[in-house]
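Colleague: Task: produce atomic coordinates for the following.
(chains A and B)
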Amino acid sequence: MSLWRELISDNPLVTDRSILVRRLVGGSQTGRLVLAAVLLGVVLLMLSAIAGLFPQVMTPKAVVYIQTGLFCFLPATMLYGAVASEREKRTWDLLAVAPLTGAQIVIGKYLAAMSLVFAVFIMFLVPAGISEAARVSGGSLFYWAPDAITLPQYIGIQGISIVFAAALGAVSLFVSCLFNRGFTALLTVLTLEAGALILAPILIGVALPFGVDYQAFLSWHPFFAIEILSRVPERGVSNQIADQSAALISPAICVVVTGVALWLAAGSAGVPGAPRRLRDAGA
Amino acid sequence: MLELKGLTKHYDGLVAVRDLSLSLKPGDIFGFIGSNGAGKTTTIRMLATLLEPTSGTASLNGADIREDPMAVRGMIGYMPDFFGLYDDIRVWEYLDFFATIYRIPKAKRRETVDSVLELTDLTIKRNDFVQSLSRGMQQRLCLARCLIHDPDLLLLDEPASGLDPRARADLKELILELGRMGKIVLVSSHILHELATFCSIVGIIERGELLAFGPVKEVVAKVRPHRVFVVRVLEDAQKAASDLTARKGVLGVAVQEDGAVRVDFDGDLPQQAELLAALVQGGHKPIDFREEHADLEAAFMRLTTGAVS
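Modeller: Sure thing, here's the model as predicted:
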């Protein structure tokens, strides 16, 4: 069986939409999900309203920043318990005795969570679109858009944002495979995240000599990568190319991190060829 | 057909299960008996493909647990010694989820869920939340989950633990029904007198070693091949004991602390009748003369020492 077939096309946790649909709209999970959806709806409505009235403030770039900020938490909170909480509730064994490989289970969980992240990603296009429409139509009360970005730039920064979410989800899943307690896994993920996104930039900033381009050393950081890629075109063609190249570092790192973390997570649950059974370390 | 061949499991030098070999056929209800730490759960987890044996193997209907665990998983229903239920989920959702991961076609799923609910007498609880069920019902729901894909082998680890007498009686009936359906049921339990009433075969394990295996009567007979009578007389028990010592079929006589006379006996029915007649003729005024039936608990106590691996 090919890896694609094992993990995707022959994986009931991926191919059976009823599991996902039930999580989204049906069954007993409705209460929590409706609450989350209402909160998200309120946030999006507020953003859309601000974007319509003040497009110079709530620019598409600002919307992407907010979305990326949400992505710092959303994949982690959805996946920290994917395996750790199953172990904590002692339900992991029930899945493990089903005719599924451990890799099918963890990849199924990852894709289910990522599909929800992707749904949120799509929703955030609304306020960004309203902002851009208000700016273009000039209908805003305070038309002023020094921060306007081109469509390719917008697509680029959205790419950075979603790839970052995918990487964080994969890391959360891998961390979840290492622990027996969901809360411990969540703390570990948040600590790693704070270390990478907050502490590391501070340390780099402190370590760099005065006058050195600070941002150039932080192009791996998703927020800095968004900033670099969305710099206004007036900086010149050569600078644009340099910016685009630098900004690619972040999604490239995220893609590698996603691959490695998923490989380790799948391996920890017994995928052939992957590192041997980290599962037992936490079992 | 379930066959275990030299199944062995070591943990860091500790032998949890040692060279376990046995064979069970469809319809067998196998009672797996042992103290805590004897190796029951380890054996069950190896059969459930959750643990890899150190050596030896087992096969179910020809599928080897080491060579083809996926095929084995499709044929087993595993109920661990804990419930393993999800929060905030309804009874039908719980079963439907497992029906999905056991690849039961969508068109058949509702029918399958309804049939296992009926079998486990939970139809009325279909839309209830799992956490609102009583312990006995949760246990039945776990069993329903095990049955969702119609497995050939059921591995039930301490299924009666913590259940009230009625729930235990219901569970016993259900297990008997599963045996009648032709499933192999492997059930571990500490409640030996109950096991004896519904298991067709038992195995006693200690320190990972199978000490006895076979039908309940045979296992008990192995431990005590003769019969035992307990006799009470109105007066001198010592004299009654000495009068019985020389009778035919009597292997040994002893006066117990409570004043009863214990007679180990391997004679036939006429000799048994003569025993009672001798007491009366000797003027002993017997007030009680009964056979002490050996049971599984006695056999277990006799065979095991209480040691763990």
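Colleague: Look up the closest residue to residue B:263, ignoring the ones flanking it.
Modeller: Setting aside the residues directly before and after it, residue B:263 is nearest to residue B:229 in space (CB to CB, 6 or more residues apart in numbering or on different chains), at 4.4 Å. C-beta here means a position set from N, CA and C on the backbone, and glycine is covered the same way.
Colleague: meant to ask about residue B:48
Modeller: Leaving aside its sequence neighbours, residue B:48 sits nearest to residue B:78 (CB to CB, 6+ apart; 4.3 Å).
Colleague: In a strand, the one you found, correct?
Modeller: Yes - under DSSP: H, G, I helix; E, B strand; the rest coil, residue B:78 sits within a strand.
Colleague: in the sheet, who's paired with it?
Modeller: Following DSSP bridges, residue B:78 is listed with bridge partners residue B:155.
Colleague: Can you list the buried residues in the lengthiest helix in chain B?
Modeller: In chain B, ranked by residue count with DSSP state H as the criterion, the top helix is helix B:165-180. Buried residues in helix B:165-180, counting neighbours by 16 or more other CB atoms under 10 Å in any protein chain shown, are found at B:167-168, B:170-172, B:174-176, B:178-179.
Colleague: Tell me the one among the residues you listed nearest to chain A.
Modeller: Nearest to chain A out of these is residue B:178 (CB to the nearest CB; 17.5 Å).
Colleague: center of chain A, which residue is that?
Modeller: For chain A, residue A:165 is the residue whose C-alpha lies nearest the centre (CA atoms, centre = their mean; 0.9 Å).
Colleague: List the contacts of the closest residue to that one other than its chain neighbours.
Modeller: Nearest residue to residue A:165 in three dimensions, chain neighbours excluded: residue A:71, at 3.9 Å (CB to CB, 6+ apart). By CB atoms under 8 Å, 6 or more residues apart in numbering or on different chains, the contact set of residue A:71 is A:117, A:161-162, A:164-165, A:168.
Colleague: Just the residues you listed: which are in helices?
Modeller: A:117, A:161-162, A:164-165, A:168.
Colleague: Turn those residues into CSV, including pLDDT and distance to residue A:100.
Modeller: Output for those, formatted as CSV (pLDDT from 0 to 100; distance: CB to CB, whole Å):
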residue, pLDDT, distance to residue A:100
A:117, 91, 23
A:161, 94, 32
A:162, 95, 28
A:164, 95, 29
A:165, 96, 26
A:168, 95, 25
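Colleague: Relative to residue A:61, which of the residues you listed is nearest.
Modeller: Closest approach between the ones in helices among the contacts of residue A:71 and residue A:61, by CB to CB: residue A:161, at 10.7 Å.
Colleague: Next, count neighbours for the nearest residue to that closest one once chain neighbours are set aside.
Modeller: Nearest residue to residue A:161, sequence neighbours excluded (CB to CB, 6+ apart): residue A:68, at 4.4 Å. Per other CB atoms under 10 Å in any protein chain shown, the neighbour tally for residue A:68 reads 21.
Colleague: how much space between residue A:68 and residue A:60?
Modeller: 13 Å (CB to CB, to the nearest Å).
Colleague: So for stretch A:41-59, mean pLDDT?
Modeller: For stretch A:41-59, the mean per-residue pLDDT is 86.
Colleague: Now for residue 256, how many residues are close by?
Modeller: Assuming you mean chain A. Neighbours of residue A:256 under the rule other CB under 10 Å: 11.
Colleague: my question was about chain B
Modeller: Residues contacting residue B:256 under the criterion other CB under 10 Å number 12.
Colleague: Was I right to think it contacts residue B:241?
Modeller: No - counting by CB atoms under 8 Å, residue B:256 stays clear of residue B:241, with 10.0 Å between them.
Colleague: where does residue B:135 land on pLDDT?
Modeller: For residue B:135, pLDDT reads 85.
Colleague: That one - nearest residue in space that isn't next to it in sequence?
Modeller: In this structure, residue B:135 finds its nearest non-sequential neighbour in residue B:162, 6.0 Å apart by CB to CB, 6+ apart.
Colleague: likewise residue A:218?
Modeller: Leaving aside its chain neighbours, residue A:218 sits nearest to residue A:224 (4.1 Å; criterion: CB to CB, 6+ apart).
Colleague: For burial, what's the neighbour tally of the residue of the stretch 101-250 of chain A found nearest chain B?
Modeller: When scored by CB to the nearest CB, the stretch 101-250 of chain A has residue A:101 as its residue closest to chain B, at 7.8 Å. Neighbours of residue A:101 under the rule other CB under 10 Å: 21.
Colleague: Can you show me the strands along the stretch 151-300 of chain B?
Modeller: Along the stretch 151-300 of chain B, counting by DSSP state E, counting those that start in this stretch, strands occupy B:153-157, B:184-188, B:201-206, B:209-214, B:227-233, B:250-255, B:261-265, B:286-292.
Colleague: okay, and for the chain, where does confidence drop off?
Modeller: Unless you meant another one, I'm taking chain A. In the prediction, chain A carries residues with pLDDT under 70 at positions A:1, A:15-33, A:138-148, A:232-240, A:269-283.
Colleague: ah, no, chain B please
Modeller: For chain B (pLDDT under 70), the answer is B:87, B:306-309.
Colleague: Can you give the domain ranges for it?
Modeller: For chain B, the structural domains run B:2-222, B:225-293, going by automatic domain parsing.
Colleague: is stretch B:10-22 anywhere near chain A?
Modeller: No - on the criterion CB under 8 Å from any CB of the partner chain, stretch B:10-22 is out of touch with chain A, staying 11.4 Å away.
Colleague: contacting residues around that stretch?
Modeller: With CB under 8 Å, 6+ apart, stretch B:10-22 has contacts from B:3-9, B:39, B:42-43, B:46, B:53-54, B:56, B:203, B:205, B:207-210, B:213, B:309.
Colleague: Tell me the buried residues in that stretch?
Modeller: Applying 16+ other CB under 10 Å to stretch B:10-22 flags B:15-18, B:20, B:22 as buried.
Colleague: Now the helix or strand harbouring residue B:301 - C-alpha only, PDB.
Modeller: In this assignment (DSSP states H and E), residue B:301 forms part of helix B:296-303. Listed next in PDB are the C-alpha coordinates belonging to helix B:296-303 (Å, rounded to 0.1, in the frame of the first residue of the first chain):
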ATOM      1  CA  LEU B 296     -12.900 -23.000  40.900                       C
ATOM      2  CA  GLU B 297     -11.900 -20.700  43.800                       C
ATOM      3  CA  ALA B 298     -10.600 -23.700  45.800                       C
ATOM      4  CA  ALA B 299      -8.700 -24.900  42.700                       C
ATOM      5  CA  PHE B 300      -7.300 -21.400  42.200                       C
ATOM      6  CA  MET B 301      -6.200 -21.100  45.800                       C
ATOM      7  CA  ARG B 302      -4.700 -24.600  45.700                       C
ATOM      8  CA  LEU B 303      -2.700 -24.000  42.500                       C
END
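Colleague: What residues sit buried inside that helix?
Modeller: Those would be B:296, B:298-300, B:303, for helix B:296-303 by 16+ other CB under 10 Å.
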